[in-house]
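*Asks:* What shape does this take:
(one chain, ligands or ions: 1)
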Amino acid sequence: MPGKSYRSELVGLFGYPVDENPTVVMIEAGFKELGLDFRYITMEVRPGDLEIAVKSLKALGYRGANCTIPHKVAVLPYLDHIAANAQIIGAVNTIYLKDGETYGENTDGKGFIVSLREGGIQIEGKKIVVLGAGGAARAITVELAQASAARITLVNRNAERGKLLTAILNEKTQVKADFIPWDHTYHVPRGTDILVQATSIGLYPDNSCPDIDYDTILPGMVVCDVIPNPPQTEFIKRAKARGALTFDGLGMLVNQGKIGFALWTGKEAPVEVMKAALAKEFAK
Ligand code: NDP
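*Replies:* Next up, the predicted model:
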């Protein structure tokens, strides 16, 4: 049939292991909703093959890709350009191609910020406590700092990791950061505006809760969890029961995907459709 294109635009995901990553469900629900002839391909890329995989994006005409475990940090040397915040975070989760060159972004923290802002929460001048100092905490705290948070207190079990992130925030951003070793039941200080649970505690099938004194969560406090599955973690349930205003990890996940979606397609992502598709998948 003359004029008809049988070629779809391609984006995808590099990870290892990657089989159980459901991002394809969310992104392809968005493509379908907008009638875009795009495909999102989940690709198992072993660590030794990452460089060739990134080069292949150009050869195969991909629009871009997501990177997940264990490639978020390792991918940096193979990209032509890296966004300033992704450089401070030291990790890239989204690659897009422009004029034949690869660009690296980190949308995890940006997705978190979008969720808060859409919920009417202001970040400027706020006192924030973050539980955890891993990849998710890094991405979130750098973006909170760039969004003019006043103070960030990091609480982490591994003191070395906690101190390292505190130093990065103090040296590379405007925020005042401090560190509390997490070797006791943590009491959230009075005057905390936003509490962020950024550890992997509570990710399915784990249903445990971070070791904090839940009575120190006060009504009206903003409490967020990064765990997308289940969206209603025990932590979120307990914070809600204390009268906190809560934000779940599903919102963060969909909003980080929304940013990548726009970079690849040039279109605004249908967030509600994508969120519903993912929630349905998690409920299976
Ligand atoms: P990392 O492995 O880099 O970091 C894990 C963090 O959790 C560390 O701070 C670790 O502390 C802490 N931790 C784990 N278990 C415990 C425990 N029992 N007690 C105290 N602290 C603990 O993982 P990531 O930061 O990359 O990911 C963390 C979570 O964030 C994952 O579950 C992931 O699903 C979620 N995530 C969600 C996103 C979203 O869009 N919603 C995006 C990215 C991640 P220590 O340093 O002491 O080991």
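*Asks:* Can you give me the domain assignment for the chain?
*Replies:* What automatic domain parsing lists as the domains of the chain is 9-106+251-282, 109-247.
*Asks:* could the ones you listed go into JSON lines alongside mean pLDDT?
*Replies:* Putting those into JSON lines (pLDDT from 0 to 100) gives the following:
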{"stretch": "domain 9-106+251-282", "mean pLDDT": "96"}
{"stretch": "domain 109-247", "mean pLDDT": "97"}
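*Asks:* The ligand: which of those domains is closest?
*Replies:* Of all those, it is domain 109-247 that lies closest to the ligand, at 1.9 Å by CB to the nearest ligand atom. Using the backbone N, CA and C atoms, a C-beta is placed for each residue, glycine as well.
*Asks:* burial count for the nearest residue to Gly15 once chain neighbours are set aside?
*Replies:* Computed as CB to CB, 6 or more residues apart in numbering, the closest residue to Gly15 that is not its neighbour in sequence is Thr68, at 4.0 Å. Thr68 has 17 neighbours, counted by other CB atoms under 10 Å.
*Asks:* Quick check: Thr68 touching Pro22?
*Replies:* No: using CB atoms under 8 Å, Thr68 is not in contact with Pro22, being 11.3 Å away.
*Asks:* tell me which parts of the stretch 51-200 of the chain are close to the ligand?
*Replies:* 108, 111, 132-137, 156-158, 161, 182, 199-200 (CB under 6 Å from any ligand atom).
*Asks:* before we move on, back to that, can you pull the phi and psi angles for the residue nearest to Gly15?
*Replies:* The phi/psi pair for Thr68 (degrees, to the nearest 10) reads phi -130, psi -170.
*Asks:* now do Leu36
*Replies:* Torsion angles, degrees, to the nearest 10, at Leu36: phi -90, psi 140.
*Asks:* next one: Leu195
*Replies:* Residue torsions, per degrees, to the nearest 10, at Leu195 are phi -120, psi 130.
*Asks:* quick revisit: mind checking the domains of the chain for the one nearest to Met1?
*Replies:* domain 9-106+251-282 (14.8 Å; CB to CB).
*Asks:* got a list of what the residue nearest to Gly15 touches?
*Replies:* By CB atoms under 8 Å, 6 or more residues apart in numbering, the contact set of Thr68 is 13-15, 18, 21, 23, 93.
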